[in-house]
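S.K.: Fold the following and give me the result.
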Amino acid sequence: MAAIEAAADAAKKLAMELFHKLPKRAQRAGGLPGVMYPQLDAKQGRWHGPVLPARFAAGLRKEVLLSGREWPWEPERGVMRGYANPPKGHKRDKERDARWEIIKKKMADMPKTIEAFRQSKLDKPKSEQEGTLEKLLLTSAQIRKKRRKAV
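M.R.: Next up, the predicted model:
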């Protein structure tokens, strides 16, 4: 409890030190840290933007940090602001493990598949097999014509 009270006292003290550096409009609005954040107008029920521009607040923060002190109004890090839940991510990432299992099963059957393919090539009659020389010398139209004659 004492640490929290000490941090609050340090924040108040820092706010008082920086008060004279704020623009007049921000001084009238109440000073740090309230002028750095959007405010809800209770009468009208509308939100108003921060009185102090973010660039100016960043300059004050930088000045405080360079002087060796701690900036007490540091936003929480690690929480994705603007999201109640983190984004869903990519489908490929979610299904990666299942896909690897399928690939492992298929790779286990691969020697049988390769053997069946080679056997099917050997079982074809020689006339149906196209030689490498024919593929090089004949056009695709001539090869099609030759296949039609064979059937």
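
S.K.: Show me where the chain dips below the pLDDT cut-off.
M.R.: 1, 26-31, 78-83, 126-130, 150-151 (pLDDT under 70).

S.K.: Now do the strands in it.
M.R.: 39-41, 46-48 (DSSP state E).

S.K.: partners of the first one in the sheet?
M.R.: Just to be clear, that refers to strand 39-41. strand 46-48 (antiparallel) (DSSP bridges).

S.K.: can you list the residues that contact the partner strand?
M.R.: If you take C-beta atoms under 8 Å, 6 or more residues apart in numbering as the criterion, strand 46-48 is touched by 38-41. Backbone N, C-alpha and C define where each C-beta goes, glycine included.

S.K.: Now neighbour count and distance to E115 too, for those, in CSV please.
M.R.: Formatted as CSV, those follow (neighbours: other C-beta atoms under 10 Å; distance: C-beta to C-beta, whole Å):
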residue, neighbour count, distance to E115
P38, 9, 70
Q39, 15, 75
L40, 9, 74
D41, 9, 78
